[in-house]
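*Asks:* for reference, the sequence and a predicted model appear below.
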Amino acid sequence: MREFVAKKVQAVPPSGLRRFFDIVSSMDGVISLGIGEPDFVTPPGILRAGIASLESGETHYTSNLGMRELREALAEHLERLYGVRYDPETELLITVGVSEALYLALAATVDPGDEVIVPEPCFVAYDPEVMLAGGVPVGVPTYAAYDFQLLASDLEKAITPRTKALLLGYPSNPTGAVMSRERLLEVARLADKHDLLVISDELYDRLVYGSEHTCFASLPGMRSRTILLGGFSKTYAMTGWRLGYAAAPAELLDAMHKVHQYTIMSAPTPAQHAALNALKDGEEAVQAARAEYDRRRRLIVNGLNGIGLSCFEPKGAFFVFPSVAVTGLSDEEFCEQLLREERVACVPGSAFGPSGAGYVRCSYATAYEKIEQALERIAHFAQRHG
């Protein structure tokens, strides 16, 4: 019988997260610092907007692009926050989560053999999505010594005549790193010099602490070569609603729209109504959630450093990325033994790329009291392991 599975799919390795979470699901009494989603329920006003849309019979397709009113509100939102204006009719697309937006960006722009530079540690889907689009992911390591920010000097070394795009993910999952405006300007100069497309995943843009998020498309000359990806999942605790967006110059957005209309039709209608409420009335909930995340962030960073697991201060998202080198265990050994001995789940850093080896990802999107308990358990574990 012929081999029916496509070679590009065969080449994609299985997710490093799945095996680990299979172990977690078989155990009781686990405090999970592994899941990368808010522990908050979607705010009441947003919930009511989604429910009201169902009750009023809004159960049909919307425009392929998404509800016009939502696109208009999103255009105003991005202009207000970052001073970058997108035409809601030709430059904005509502997607099924930012995951679909990423797929569309790569499917619409990458030809077989094109190289896409991916700074890592990075979100687990980045390399596989590049491969599934027919491209070649080229990893560029980032380092704790530079707060896991991409260095322009390292980026330039990775650029070849086959390089077509740079895939940025800041604020970062898994490290919590935020790129400074100065470093982004250095990256922007290289993008211009080498005529690169920049796909900028800014899903965690509103979850930044003691710093400011710089939208890549807002940098001088970058709007015309940037596909901006974002969503509602993390900011508004709407992971299950599956809603994201892409913003790009009309020519790029049109190509993405072409893929979208043949694969998805339109994003879920009730979720779009909920997202519209989020943009109009959700700011108070965003500020409250960010303040609580910041409180947890300080607890877990100070706690891990106090235990002896060196941890740089993350400025965004809701992840910390401590080194476990002091224990003498690999990151996979550390996570598996911590889980079995102390019932605390975190994720091996190597699941996010080779430069994540020796680190673990801990999410503080869980209750303050549970983080306190987890830190006590981790301290007991660390005492037994050097």
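*Replies:* Yep, it's here. Numbering: from 1, shown residues only.

*Asks:* what's the longest helix in the chain?
*Replies:* Taking DSSP state H as the criterion, the chain has its longest helix at helix 283-307.

*Asks:* you'd agree residue 246 is in a helix?
*Replies:* No - using DSSP: H, G, I helix; E, B strand; the rest coil, the secondary structure at residue 246 is strand, not a helix.

*Asks:* contacts only, for it.
*Replies:* 92-93, 95, 101, 104-105, 227-229, 253, 256 (C-beta atoms under 8 Å, 6 or more residues apart in numbering). (C-beta placed from N, C-alpha, C; glycine too.)

*Asks:* wait, which of those residues is closest to residue 325?
*Replies:* residue 229 (33.3 Å; C-beta to C-beta).

*Asks:* my guess is that closest one contacts residue 204. True?
*Replies:* No - using C-beta atoms under 8 Å, residue 229 is not in contact with residue 204; the gap is 11.3 Å.

*Asks:* make CSV out of the contacts of residue 246 and add pLDDT, secondary structure and neighbour count.
*Replies:* Converted to CSV, the contacts of residue 246 look like this (pLDDT from 0 to 100; DSSP: H, G, I helix; E, B strand; the rest coil; neighbours: other C-beta atoms under 10 Å):
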residue, pLDDT, secondary structure, neighbour count
92, 98, strand, 23
93, 98, strand, 25
95, 98, strand, 27
101, 98, helix, 28
104, 98, helix, 29
105, 98, helix, 30
227, 98, strand, 28
228, 98, strand, 28
229, 98, strand, 26
253, 98, helix, 24
256, 98, helix, 23
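
*Asks:* how about those in TSV, adding distance to residue 235?
*Replies:* Below are the contacts of residue 246 laid out as TSV (distance: C-beta to C-beta, whole Å):
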residue	distance to residue 235
92	17
93	18
95	15
101	15
104	20
105	20
227	19
228	15
229	13
253	22
256	22
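
*Asks:* wasn't residue 13 part of a helix?
*Replies:* No - counting by three-state DSSP, residue 13 is not found in a helix; it is coil.

*Asks:* next, find the distance separating it from residue 353.
*Replies:* 12 Å (C-beta to C-beta, to the nearest Å).

*Asks:* kindly report the same for residue 59.
*Replies:* With C-beta to C-beta as the criterion, residue 59 and residue 353 are 41 Å apart.

*Asks:* more crowded one of the two?
*Replies:* residue 353 (24 against 10; other C-beta atoms under 10 Å).

*Asks:* list the contacts for that one?
*Replies:* Shown in contact with residue 353 (C-beta under 8 Å, 6+ apart): 118, 120-122, 127, 139, 141.

*Asks:* mind listing what residue 204 touches?
*Replies:* Residues counted as contacts of residue 204 (C-beta under 8 Å, 6+ apart) are 171-173, 234-235, 316-318.

*Asks:* and of those residues, the nearest to residue 68?
*Replies:* The shortest approach to residue 68 among these belongs to residue 235, at 21.8 Å (C-beta to C-beta).

*Asks:* that's a strand at that closest one, yeah?
*Replies:* No - if the criterion is three-state DSSP, then residue 235 is coil and not within a strand.

*Asks:* wait, is residue 361 part of a strand?
*Replies:* Yes - using three-state DSSP, the assignment for residue 361 is a strand.

*Asks:* look at it and report its pLDDT.
*Replies:* Looking at residue 361, its pLDDT reads 97.

*Asks:* may I have the beta-bridge partners of it?
*Replies:* Beta-bridge pairing for residue 361 (DSSP bridges): residue 347.

*Asks:* cool, and residue 244?
*Replies:* Applying DSSP bridges, one finds that residue 244 bridges with residue 95, residue 231.

*Asks:* ok, it - contacts?
*Replies:* 94-101, 203, 229-233.

*Asks:* now those: which count as buried?
*Replies:* Buried residues within those, counting neighbours by 16 or more other C-beta atoms under 10 Å: 94-101, 203, 229-233.

*Asks:* domains of the chain?
*Replies:* Annotated domains of the chain cover 7-42+284-384, 58-281 [automatic domain parsing].

*Asks:* may I ask which helix or strand of the chain has the lowest mean pLDDT?
*Replies:* helix 16-25 (a mean of 68; mean pLDDT, DSSP states H and E).
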